[in-house]
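Enquirer: need coordinates for the following:
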Amino acid sequence: MIGKIIALSELNVKILLNSSKEVKIGDILFSSENNAFFEIAEIEGNIAIGIPFYRVTGLKRGIILSKLDTGLNIQYSDEILGKVFNSYGDLLDGQKFKKETKRTVYIDNPDLSDVNTEGEILWTGIKIIDFFAPLEKGFKMGLLGGAGVGKTVLIKELINNVYTNFGSNAVFVGIGERSREGKELYDEMKEANLLDKMTMIFGQMGENPTSRSKAIYGGLTLTEYLRDEKKQDVLLFIDNMYRYVQAKSEISTELKQMPVENGYPTTMVSDISVIEERINSNSNGTITSFQAIYVPADDMNDEAVQAIISHMDGQIVLDRKIAEKNLYPAVNVFKTRSKLIDVEKIGEKHYNLVEEVIKYLTRHEELEEIIAVLGIEELSIEDKNIFFRSRKLRNYFTQPMHVAEDYTNIKGEVVDIKDVLFDVESILEGKYDDVDESEFAYIGRYHGKEHND
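Expert: Down below sits the predicted model:
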């Protein structure tokens, strides 16, 4: 016996300890009578505050608590592949481990000397990403957007394409997303025979904030196993980092800690930093992460969004206005960026084409306003060319997705960057001026006469 419950609410339990020396923050106490678990969050004298793992239904004052020998831990072996975990390291898919080999989910962040920042370019086969926001192994790429603009679909396509191209194992961490989406992802990965190449961990939307906040730590531990023990280049998909901050905010509020503006906890920046500093590459292998970031009320200046973005090597911004035009992936190329857009890293041709396309699309927006007032007949020949070529480019950067084949009835395609550069250059040079813009929508590469030549 370590102590007993003296007060409880939905998100915290007050515990009277026999001795404060026997317990430290992060320890797990449990009631064998109710199969309830609590992680110690605060200790003041002989009073501790525990955060419940699950709902507190059925608990009452006076229940005796014992201390778990180990803290929060998760399986750390080859058996993680093909498995689905909850936030606390328990299996959700009914499978069993042949041998349990576990490790704590909390470790110190790596030393600076252990971090490796050199990596090769990682082409995804998705035209709009490879052209405007290319990434390399070890990158952290943020996928930003409001609700319903296609973040999760894009993540699924990235899992499919990158594994197909590179054979890298993947870890998927679901934080505060719908249970239905998690089940769909599981079924789709199983159908595509990718399930045994990845591992998944979920802290779902309907669960309490403790579960939602802990999923990321288990996911990082699974990722570190593949990197450090299997010596792999690992893909880490997090959906959704904002929900992690949201869960921490709920816990902070329940503990009556003073929030900053918008209700975020004062520890928000350090909480995010602890997570992001573990997502690093070393001499054993790389961790390339794609982190979906929900943007509340489409406000890119939100404090939590900005705190997460500050750790990214690039960002892909999904825009509702583009989605409304039925252009998917609905990427806003003006807000999308990558540290790889550099002449020395991607080459002069690619760099110059990106610059030219951005100029064309910027001018296209200006011309749309002019046309709305004066009509297209008032444009010069040069502006007409820019206008129509820009519309072709806008359509060209749509793409049929493998994971959306059941909904679109269009076969998904992976497109080589060389084909993308050729097609974009040809459109800009006017080689396809006599081709209707609709021919460029939802295709892979353009199979025109010039291309075949």
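
Enquirer: need the helices for the stretch 101-250 of the chain, in chain order.
Expert: 127-132, 151-166, 179-191, 209-228, 241-254 (DSSP state H, counting those that start in this stretch).

Enquirer: wait, which of those is closest to E344?
Expert: helix 127-132 (17.7 Å; CB to CB). Every C-beta, even on glycine, is put in place using the N, C-alpha and C of the backbone.

Enquirer: the closest one - contacts with which helices or strands?
Expert: Packing partners of helix 127-132 (3 or more CB pairs under 8 Å, 6 or more residues apart in numbering; DSSP states H and E): helix 348-374, helix 417-428.

Enquirer: after the longest one comes which helix or strand?
Expert: When you say that, I think you mean helix 348-374. helix 381-396 (DSSP states H and E).

Enquirer: what's the angle between that following helix and helix 417-428?
Expert: Here the directions of helix 381-396 and helix 417-428 differ by 150 degrees (axes from the mean of the first three to the mean of the last three CA atoms, to 10 degrees).

Enquirer: kindly export the helix or strand following helix 381-396 (C-alpha atoms) in CSV.
Expert: Next helix or strand after helix 381-396 toward the C-terminus (DSSP H and E): helix 405-408. Presented in CSV, the C-alpha positions along helix 405-408 are these (Å, rounded to 0.1, in the frame of the first residue of the first chain):
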residue,chain,number,x,y,z
GLU,A,405,-9.3,5.0,-55.7
ASP,A,406,-12.5,3.6,-54.2
TYR,A,407,-14.0,7.0,-54.1
THR,A,408,-12.7,8.5,-57.4
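
Enquirer: and Y407, what pLDDT?
Expert: Per-residue pLDDT puts Y407 at 78.

Enquirer: report the contact partners of the spatially closest residue to M198 that is not a sequence neighbour.
Expert: Leaving out its chain neighbours, the residue that sits closest to M198 by CB to CB, 6 or more residues apart in numbering is A170, at 4.1 Å. Counting by CB atoms under 8 Å, 6 or more residues apart in numbering, A170 touches I159, V162, Y163, K197, M198, T199, V234, L235, L236, F237.

Enquirer: what's the neighbour count on the residue lying closest to Y186 once chain neighbours are set aside?
Expert: Among residues not flanking Y186 along the chain, V84 sits closest, at 6.4 Å (CB to CB, 6+ apart). As a burial measure, V84 scores 22 neighbours (other CB atoms under 10 Å).

Enquirer: for V84, list each beta-bridge partner.
Expert: In this entry, V84 is beta-bridged to M200, by DSSP bridges.

Enquirer: hmm, back to that, who is the residue nearest to M198 paired with across the strands?
Expert: Bridge pairing for A170 (DSSP bridges) gives the partners M198, L235.

Enquirer: and it, how far is that from T288?
Expert: Here A170 is placed at a distance of 10 Å from T288 (CB to CB, to the nearest Å).

Enquirer: quick one: contacts for the residue positioned nearest the centre of the chain?
Expert: Centroid-nearest residue in the chain, with CA atoms, centre = their mean: Q291, separated by 2.2 Å. Residues in contact with Q291 (CB under 8 Å, 6+ apart) are K140, M141, G142, L143, F237, I238, M241, I308, M312.

Enquirer: and these, which of them are in strands?
Expert: K140, M141, G142, L143, F237, I238 (DSSP state E).

Enquirer: tally up the residues packed near the first one, please.
Expert: Which is K140. 22.

Enquirer: check the fourth one too.
Expert: Residues contacting L143 under the criterion other CB under 10 Å number 29.

Enquirer: ok, the third one next?
Expert: Residues lying near G142 (other CB under 10 Å) number 24.

Enquirer: where in the stretch 251-400 of the chain is pLDDT low?
Expert: Residue ranges of the stretch 251-400 of the chain with pLDDT under 70: 261.

Enquirer: on that earlier part again, farthest-separated two in the contacts of A170?
Expert: Using CB to CB, the contacts of A170 span at most 15.4 Å, a distance reached by V162 and T199.

Enquirer: and N109, what are its phi and psi?
Expert: phi -70, psi 150 (degrees, to the nearest 10).

Enquirer: quick one, phi/psi of the residue lying closest to it once chain neighbours are set aside?
Expert: Excluding the flanking residues, the one nearest N109 by CB to CB, 6+ apart is E277, at 4.1 Å. Note on E277: its backbone torsions stand at phi -70, psi -20 [degrees, to the nearest 10].

Enquirer: correct me, but E277 touches P110?
Expert: Yes. Judged on CB atoms under 8 Å, E277 makes contact with P110 at a distance of 7.3 Å.

Enquirer: was I right to think G218 contacts I74?
Expert: Yes. Counting by CB under 8 Å, G218 touches I74, with 4.7 Å between them.

Enquirer: give me the common contacts of those two.
Expert: F85, G89, V105.

Enquirer: hang on, the earlier thing: separation between the residue nearest to M198 and D233?
Expert: Taking CB to CB, one finds A170 at 11 Å from D233.

Enquirer: also G412?
Expert: Counting by CB to CB - G412 and D233 are separated by 23 Å.

Enquirer: more neighbours, these two?
Expert: Using other CB under 10 Å as the criterion, G412 and D233 rank with D233 on top: 22 against 17.

Enquirer: of the contacts of Q291, which is the nearest to S438?
Expert: Checking the contacts of Q291 against S438 by CB to CB gives L143 as the nearest, at 28.1 Å.

Enquirer: quick one: contacts for the closest one?
Expert: Contacts of L143 (CB under 8 Å, 6+ apart): K151, L154, I155, F290, Q291, A292, I293, Q315, I316, L318.
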